[in-house]
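Participant: from the sequence below, what's the structure:
(one chain, ligands or ions: 3)
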Amino acid sequence: MFNKIWKNKEGESSSPLVYAKEDILQHPIPKHVAIIMDGNGRWAKKRALPRAAGHYEGMQVVRKITRFANELGIKILSLYAFSTENWKRPKSEVEYLMKLPEQFLTTFLPELIEENVNVRVIGNTEQLPEHTRRAVEKAINETKDNTGLILNFALNYGSRAEITYAVQQIAKDIQNGRLSPEQITEELVSSYLMTKDLMDPDLLIRTSGEIRLSNFMLWQLAYTEFWFTDVLWPDFTEQHLLEAIAAFQKRNRRFGGV
Ligand code: IPE
Ligand code: IPE
Ligand code: MG
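Facilitator: Numbers count the residues shown, from 1 in each chain. Ligands and ions are numbered 1, 2, ... in the order given. Just a heads-up that it's a prediction; the model follows:
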């Protein structure tokens, strides 16, 4: 019962319809798409494989969806890859997840450069292992002048940590006289967040049937359209992205107006 209410409106999800890229491109495309890529572990479990196999497969899907997002003319693709809470997982799984950015970038960085993709990262990268940080920094550096799709990885990202840090920085700037309390506006708060150079997401997708944000972009998602699917991330295809965008195109965004 609850599922029905909280999930997408009827007919939006799991429909057998086949969406054509050409049709979707007739209508406005969301500029910033954010994805909570969930369900890698369950995907592996269903196949009696170790969880790492699900993460590996999920990485291939990141490549596929990045390429397709670029083709569709999406400007920013934000991908939740590791949360500040994911450190609670078994050490071996965390170690594997920390190797993935290197693996991903070693394999795909040349292609990303070729396709004019601009790699960025939000999250507390100082806490990442040295080898992970190095791989990420290399990708950021080598793609920094690219003007195509912004591929924004949330790595060791947590929205509460982000907001807490912003509040600390604002307090410091008041203390040292650079700011006065009257100057604290919504725009100013946004400018202290890790997403300061990015517009807010238009569309949020979460896979694997979980209907929650898990500490992802709490401030930025205030007026974002949400789309949930039971599909596990390693099973996510171009067709699912088109389905999500088709649902987005049917929504009536009012931003509090009429
Ligand atoms: C998402 O898949 C990837 C990360 C959170 C790193 P999960 O690993 O959370 O997969 P499930 O939710 O256990 O199936
Ligand atoms: C959210 O997924 C984090 C990422 C996708 C990186 P989780 O699997 O960690 O979220 P919970 O624990 O189900 O809320
Ligand atoms: Mg999960």
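
Participant: ligand 2 contacts on this protein?
Facilitator: Proximity of the chain to ligand 2 (Cβ under 6 Å from any ligand atom) is limited to residues 36-38, 80-83, 86, 210, 212, 214. (Each C-beta comes from the backbone N, C-alpha and C, glycine too.)

Participant: and the residues you listed as JSON lines, adding neighbour count, distance to ligand 1 and pLDDT?
Facilitator: Formatted as JSON lines, the residues of the chain next to ligand 2 follow (neighbours: other Cβ atoms under 10 Å; distance: Cβ to the nearest ligand atom, whole Å; pLDDT from 0 to 100):
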{"residue": "36", "neighbour count": "24", "distance to ligand 1": "8", "pLDDT": "99"}
{"residue": "37", "neighbour count": "23", "distance to ligand 1": "6", "pLDDT": "98"}
{"residue": "38", "neighbour count": "21", "distance to ligand 1": "5", "pLDDT": "98"}
{"residue": "80", "neighbour count": "24", "distance to ligand 1": "8", "pLDDT": "98"}
{"residue": "81", "neighbour count": "24", "distance to ligand 1": "6", "pLDDT": "98"}
{"residue": "82", "neighbour count": "22", "distance to ligand 1": "5", "pLDDT": "98"}
{"residue": "83", "neighbour count": "20", "distance to ligand 1": "7", "pLDDT": "98"}
{"residue": "86", "neighbour count": "17", "distance to ligand 1": "5", "pLDDT": "98"}
{"residue": "210", "neighbour count": "13", "distance to ligand 1": "7", "pLDDT": "98"}
{"residue": "212", "neighbour count": "11", "distance to ligand 1": "11", "pLDDT": "98"}
{"residue": "214", "neighbour count": "14", "distance to ligand 1": "8", "pLDDT": "98"}
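
Participant: where along the stretch 1-150 of the chain do the strands fall?
Facilitator: Using DSSP state E, counting those that start in this stretch, the strands of the stretch 1-150 of the chain run over 32-36, 76-83, 118-122, 150-157.

Participant: quick check: mean pLDDT across the last one?
Facilitator: Strand 150-157 shows a mean pLDDT of 98.

Participant: tell me the helix or strand right after that strand.
Facilitator: Note on strand 150-157: by DSSP states H and E, the next helix or strand toward the C-terminus is helix 159-175.

Participant: after that following helix, which helix or strand is next?
Facilitator: Downstream of helix 159-175 (by DSSP H and E), the next one is helix 186-191.

Participant: point me to the residue of the stretch 101-250 of the chain nearest ligand 1.
Facilitator: Using Cβ to the nearest ligand atom, residue 208 is the residue of the stretch 101-250 of the chain that sits closest to ligand 1, at 5.5 Å.

Participant: give me the neighbour count for that residue.
Facilitator: Residue 208: 21 surrounding residues under other Cβ atoms under 10 Å.

Participant: and for residue 175?
Facilitator: Per other Cβ under 10 Å, the neighbour tally for residue 175 reads 9.

Participant: what are the C-alpha coordinates of stretch 46-61, in PDB please?
Facilitator: C-alpha atoms of stretch 46-61 as PDB (Å, rounded to 0.1, in the frame of the first residue of the first chain):
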ATOM      1  CA  LYS A  46      21.300 -13.000  -6.200                       C
ATOM      2  CA  ARG A  47      24.000 -14.500  -8.300                       C
ATOM      3  CA  ALA A  48      25.800 -16.000  -5.300                       C
ATOM      4  CA  LEU A  49      28.800 -13.800  -6.000                       C
ATOM      5  CA  PRO A  50      30.800 -11.700  -3.600                       C
ATOM      6  CA  ARG A  51      29.600  -8.100  -3.100                       C
ATOM      7  CA  ALA A  52      32.700  -6.900  -4.800                       C
ATOM      8  CA  ALA A  53      31.400  -8.400  -8.100                       C
ATOM      9  CA  GLY A  54      28.400  -6.200  -7.800                       C
ATOM     10  CA  HIS A  55      30.600  -3.100  -7.300                       C
ATOM     11  CA  TYR A  56      32.700  -4.100 -10.300                       C
ATOM     12  CA  GLU A  57      29.600  -4.500 -12.500                       C
ATOM     13  CA  GLY A  58      28.200  -1.200 -11.100                       C
ATOM     14  CA  MET A  59      31.400   0.500 -12.300                       C
ATOM     15  CA  GLN A  60      30.800  -0.700 -15.900                       C
ATOM     16  CA  VAL A  61      27.300   0.800 -15.700                       C
END
